[in-house]
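Undergrad: A structural model of the following input is requested.
(one chain, ligands or ions: 1)
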Amino acid sequence: MPDARRPYIAGNWKMFKTSADAREYGQRLLSRLPMGNGVELALCAPFTALAATLEGLNDSEIKVLAQNMHQEREGAYTGEVSAPMLLELGVHGALLGHSERRQYFNETDRALQEKVPAALEAGLQPMLCVGETEEEREAGETQRKLRHQVQEALEKVPDDRLADVVIAYEPIWAIGTGQVATPDLAQDAIGFIRALVGDRSGDAAQRVRVLYGGSVKPDNAAEILAQPDIDGALVGGASLDPDGVVEIVKAAAEQVQT
Ligand code: PGA
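TA: Purely as a prediction, here's the structure:
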């Protein structure tokens with residue numbers, strides 16, 4: 001793995017954790033996490049818990065990401081939150097296009113085409129999620145779906161900023177199901193995503209970080225993270241307990257050493 005691609009573990013809390021929970025979590029995580037482990041770590045918290053998550057993490061290097069963001073800076077968009085609002089809190093980035101947002105809240109590739117560059121321009125790290133359904137995989141449509149999602153979402157990102165986007169490959173059939181993708185299958189899809197970035201810029205393809213997500217747990221993280229194109233993991237259920245995150249960070253740290 002080139003030096004520039006620092007391993008990245010992100011926890012996605014989804015609609016779990018109040019502000020009080022988040023504060024306590026941060027303190028527990030900091031007390032258990034090995035220092036100087038070489039792994040970039042982020043927590044994606046609900047909007048209401050972002051400030052408390054930052055507070056609990058106490059100016060550590062751990063990043064805090066929102067789970068969505070509107071593309072406009074302000075406007076008549078009831079219920080939405082913009083990049084300047086997140087930045088004011090001290091938030092570092094935003095998860096964009098998670099499959100649950102696509103499935104239940106009508107998040108579209110068209111909106112993501114605005115959201116990804118808007119996050120970058122505002123100084124937030126976008127973490128773009130892509131992935132196929134079980135039916136699409138069975139129908140041999142995985143690459144077509146990934147091509148569409150990646151090309152569309154990155155279309156308005158300038159070539160020299162492509163590597164600042166973090167991409168998470170999350171096959172929908174593996175999310176929350178306990179059915180983790182095999183390391184080979186995840187490697188194939190992520191190698192394909194890297195090649196798609198390479199169609200725009202060879203340099204960006206070398207540097208962009210692509211994570212795997214979908215039922216990553218402490219006991220399966222190491223074999224996934226050992227794959228050459230997989231730069232980290234986006235972890236849902238197992239990230240709700242700080243001990244789960246600590247174990248997965250340790251597995252990622254071993255990749256830094258090997
Ligand atoms: P999971 O969720 O780890 O619980 O499968 C992953 C995600 O939705 O990001």
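
Undergrad: C-alpha only now, for contacts and for neighbours.
TA: Noted.

Undergrad: Excluding covalently adjacent residues, which one is nearest to K145?
TA: E132 (6.3 Å; Cα to Cα, 6 or more residues apart in numbering).

Undergrad: next one: V216
TA: Closest to V216 by Cα to Cα, 6+ apart is V235, at 5.8 Å.

Undergrad: Isn't the residue nearest to K145 up against A181?
TA: No - taking Cα atoms under 8 Å as the definition, E132 is not a contact partner of A181, at 11.9 Å.

Undergrad: list residues touching both of the two?
TA: With contacts defined as Cα atoms under 8 Å, 6 or more residues apart in numbering, the residues shared by E132 and A181 are P171.

Undergrad: give the contact list for the residue nearest to V216.
TA: Going by Cα under 8 Å, 6+ apart, the list of residues near V235 reads I9, A10, G11, N12, G213, G214, S215, V216, K217.

Undergrad: how about 6 Å then?
TA: Listed by Cα atoms under 6 Å, 6 or more residues apart in numbering, the contact partners of V235 are G11, N12, G213, V216.

Undergrad: The first one and the ligand, how far apart?
TA: Right, G11. Separation of G11 from the ligand (Cα to the nearest ligand atom, to the nearest Å) stands at 8 Å.

Undergrad: Need the per-residue pLDDT for that residue.
TA: The confidence metric pLDDT takes the value 98 at G11.

Undergrad: now do the third one
TA: At G213 the predicted local distance difference test score is 97.

Undergrad: From the ligand, how far out is the residue nearest to V216?
TA: Taken as Cα to the nearest ligand atom, the span from V235 to the ligand is 4 Å.

Undergrad: now swap in G75 and tell me
TA: Where the ligand is concerned, G75 sits at a distance of 29 Å (Cα to the nearest ligand atom).

Undergrad: OK, contacts around that residue?
TA: Per Cα under 6 Å, 6+ apart, neighbours of G75: none.

Undergrad: Tell me which helix or strand it sits in.
TA: Element membership of G75, judged by DSSP states H and E, is empty: it is in no helix or strand.

Undergrad: Distance check, it against T48.
TA: 20 Å (Cα to Cα, to the nearest Å).

Undergrad: Dump the top helix by length along the chain to CSV, restricted to CA.
TA: For the chain, the longest helix by residue count, based on DSSP state H, is helix 183-200. Written as CSV, here are the backbone C-alpha positions of helix 183-200 (Å, rounded to 0.1, in the frame of the first residue of the first chain):
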residue,chain,number,x,y,z
PRO,A,183,-11.9,-10.9,0.8
ASP,A,184,-11.5,-11.8,-2.9
LEU,A,185,-14.9,-10.4,-3.9
ALA,A,186,-14.3,-7.2,-1.9
GLN,A,187,-10.8,-6.9,-3.5
ASP,A,188,-12.3,-7.3,-7.0
ALA,A,189,-14.9,-4.7,-6.5
ILE,A,190,-12.5,-2.2,-4.9
GLY,A,191,-9.9,-2.8,-7.5
PHE,A,192,-12.6,-2.0,-10.1
ILE,A,193,-13.5,1.2,-8.2
ARG,A,194,-9.8,2.2,-8.1
ALA,A,195,-9.6,1.6,-11.9
LEU,A,196,-12.7,3.8,-12.4
VAL,A,197,-10.9,6.7,-10.6
GLY,A,198,-7.8,5.8,-12.8
ASP,A,199,-9.9,6.5,-15.9
ARG,A,200,-9.9,10.1,-14.7
